[in-house]
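Trainee: Kindly generate the corresponding structure for this input.
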Amino acid sequence: MRSRAWLAWTLVAAAGCAVPLASGRGPVESFVARHWRAPLAPQGPAPARFSALEASLTPEACGTCHPAQLADWRTSTHAAAMGPGVTGQLAEMLSTAPRSALACQHCHAPLAEQSPLRPDTLAMNPDFDPALRGRGIPCAACHVRGHERFGPPGRDGSLAGTAPRETLPHGGVTRTPAYLASEFCRDCHQFAPDGYALEGKLLQDTYNEWKASRFAAAGVQCQDCHMPDRRHTWRGIHDRTMVRSGLTIQLEREVAEGEIAATLRVRNTGVGHAFPTYVTPLVVLRAEMVDGGGRVVTGSREEHVIGRQVELDLSRELTDTRLLPGAHAEVRYRRPRQAGARARFSVLVFPDAFYTAFYEVVLRQGAGRGAAQIEEALAATRRSWFTVFSEELDAG
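Mentor: Numbers count the residues shown, from 1 in each chain. Alright, predicted model coming up:
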């Protein structure tokens, strides 16, 4: 297996993932290119008239006036983007492969103030705020540049308020429709055309998957599903309700003499990209017989796995059974009837399947200073699986 710096390899590719800006692009593309130019510049000194609260980059400072958004963010994967799995790996990488480590932070902790090292010289960063580093993707990562606030149009579509900006907290906000466009999310959810690929397919191709879908054609943006009503939750593969809402799951029983016969079918009807889009989750369609005591009958289990499975060092793709929008997978199950038994059909989601296996290997090889954090992350991956569908049929 290659070095555990595999995450850096993938995120180095992601660091340059924005589609190159061509001349003549519209205002959304122009804003996105400026806003996400990597690495992000330090905010610099705050305007003299700013209070300490206005100058702060902490999520809690923003939450003083935006408590609902702060409460949402605290529950999100953005808040956890510098969780123990990432920080455990970076503990060694910052000294052994510092540029790769900083490339990871482009998406996992984007602010210049979150980086202990300067990306150009690798010297100690005078703007580093240790209290911010573990906050993942804070409000300021998306909304603050040079202490100027940016955000979406008002709910009425307005781009400017009526009050003079100098009379407003932190000088008001510059509004742009870019915050409502999928392109705003692209920089961390789409590898560049020359990015890391296996079998000719980019390791992360979420934006392109969406772009080719009927959802893009209908004008449905990332934010419409992942930030409904502008909620700052960013629900995805780890959320049972979110996953279930994107799938149509059917169990069709067939008439068969002396047998239990049924088909479990899962169709991607509401996910605007491949399901699942990345290499870390697996979704399992399972059919099995259970006896009167609820025990699985030996040899009765049949499964179909949905996902893109790769080697742990990302050297090779093993299978790719993901569902593009409109595609389906199924398990056709036939078994002789058995007195007192039932046939159980279920759909299980393992959001962190890749990480479970990867962290196990990292700990066996030696995780160095990050060992405790990797152990914590491993335990979390083992708890993250859930069931989105389960039904039993009489098989007696």
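Trainee: drop to CA atoms for contacts and neighbour counts, all remaining ones
Mentor: Fine.
Trainee: And the strands in the chain, which stretches?
Mentor: Here the chain has its strands, by DSSP state E, at 144-145, 148-151, 174-175, 197-198, 201-202, 247-254, 259-268, 282-290, 302-306, 308-310, 317-320, 328-336, 342-350, 386-394.
Trainee: Just put the ones you listed in a markdown table and tack on mean neighbour count.
Mentor: Converted to a markdown table, the strands of the chain look like this (neighbours: other CA atoms under 10 Å):
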| stretch | mean neighbour count |
| --- | --- |
| strand 144-145 | 18 |
| strand 148-151 | 17 |
| strand 174-175 | 17 |
| strand 197-198 | 16 |
| strand 201-202 | 16 |
| strand 247-254 | 16 |
| strand 259-268 | 20 |
| strand 282-290 | 22 |
| strand 302-306 | 18 |
| strand 308-310 | 21 |
| strand 317-320 | 14 |
| strand 328-336 | 18 |
| strand 342-350 | 22 |
| strand 386-394 | 15 |
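Trainee: Identify whichever of these lies nearest to His66.
Mentor: Nearest to His66, of all the strands of the chain, is strand 148-151, at 12.8 Å by CA to CA.
Trainee: Name the residues that touch the closest one?
Mentor: Applying CA atoms under 8 Å, 6 or more residues apart in numbering, the contact partners of strand 148-151 are 142-144, 170-176, 179.
Trainee: Mind doing that once more with 10 Å?
Mentor: 35, 43, 46-47, 140, 142-144, 159, 170-180 (CA atoms under 10 Å, 6 or more residues apart in numbering).
Trainee: In helices only, show me these.
Mentor: Among those, DSSP state H puts 35, 140, 142-143 in helices.
Trainee: who wins for neighbours among the residues you listed?
Mentor: Most neighbours among those, by other CA atoms under 10 Å: Ala140, with 20 neighbours.
Trainee: What about Trp232, how many residues nearby?
Mentor: Just so we're on the same page, residue 232 is His rather than Trp. His232, neighbours per other CA under 10 Å, totals 21.
Trainee: Also Tyr355?
Mentor: Tyr355: 20 neighbours (other CA under 10 Å).
Trainee: out of the strands of the chain, which comes closest to Gln223?
Mentor: Across the strands of the chain, closest to Gln223 is strand 148-151 (CA to CA), at 13.3 Å.
Trainee: Can you list the strands that the closest one pairs with?
Mentor: Strand 148-151 has the following strand partners under DSSP bridges: strand 144-145 (antiparallel), strand 174-175 (parallel).
Trainee: Need the ones you listed in JSON lines (columns: distance to Gly293).
Mentor: Putting the strands paired with strand 148-151 into JSON lines (distance: least, CA to CA, whole Å) gives the following:
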{"stretch": "strand 144-145", "distance to Gly293": "58"}
{"stretch": "strand 174-175", "distance to Gly293": "61"}
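Trainee: would you list those in JSON lines and tack on distance to Thr96 and mean pLDDT?
Mentor: As requested, these are exported to JSON lines (distance: least, CA to CA, whole Å; pLDDT from 0 to 100):
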{"stretch": "strand 144-145", "distance to Thr96": "31", "mean pLDDT": "98"}
{"stretch": "strand 174-175", "distance to Thr96": "41", "mean pLDDT": "97"}
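Trainee: Which among those is found nearest to Ser346?
Mentor: Going by CA to CA, the one of these nearest Ser346 is strand 144-145, 44.7 Å.
Trainee: tell me the contacts of His143?
Mentor: Per CA under 10 Å, 6+ apart, neighbours of His143: 35, 149-152, 173-174, 179.
Trainee: Closest to Ala101 out of the residues you listed?
Mentor: Checking these one by one against Ala101 (CA to CA), the nearest turns out to be His35, at 21.6 Å.
Trainee: Show me how this structure divides into domains.
Mentor: Domain assignment of the chain by automatic domain parsing yields the ranges 6-186, 240-394.
Trainee: between these, which gets the lowest average pLDDT?
Mentor: When the domains of the chain are compared on average pLDDT, domain 6-186 comes out lowest at a mean of 90.
Trainee: Run the chain-centre distance for that one.
Mentor: 16 Å (CA atoms, centre = their mean, to the nearest Å).
Trainee: Could you pull up the residues touching the nearest residue to Arg369 once chain neighbours are set aside?
Mentor: Counting by CA to CA, 6 or more residues apart in numbering, Ala91 is the residue found nearest to Arg369 once chain neighbours are left out, at 6.0 Å. Applying CA under 10 Å, 6+ apart to Ala91 gives the contacts 101, 367-371, 373.
Trainee: Of those residues, which is the nearest to Arg165?
Mentor: Of those, the one sitting nearest to Arg165 (CA to CA) turns out to be Ala101, at 38.8 Å.
Trainee: I figured that closest one hits Met93, correct?
Mentor: Yes. Counting by CA atoms under 10 Å, Met93 is a contact partner of Ala101 at 5.7 Å.
Trainee: So between these two, which is more surrounded?
Mentor: Comparing Ala101 with Met93 by other CA under 10 Å, the one with more neighbours is Ala101, at 28 against 19.
Trainee: Make CSV from the strands of the chain and add distance to Arg230 to it.
Mentor: Converted to CSV, these look like this (distance: least, CA to CA, whole Å):
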stretch, distance to Arg230
strand 144-145, 18
strand 148-151, 11
strand 174-175, 14
strand 197-198, 33
strand 201-202, 30
strand 247-254, 23
strand 259-268, 24
strand 282-290, 28
strand 302-306, 30
strand 308-310, 30
strand 317-320, 33
strand 328-336, 30
strand 342-350, 26
strand 386-394, 25
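Trainee: Could you check those strands and tell me which one is nearest His189?
Mentor: Minimum separation from His189 across the strands of the chain (CA to CA) falls at strand 201-202, 11.2 Å.
Trainee: So what touches the closest one?
Mentor: Against strand 201-202 from outside (CA under 10 Å, 6+ apart): 13, 190-196, 208, 278, 317.
Trainee: can we see that at 7 Å?
Mentor: 191, 195-196 (CA atoms under 7 Å, 6 or more residues apart in numbering).
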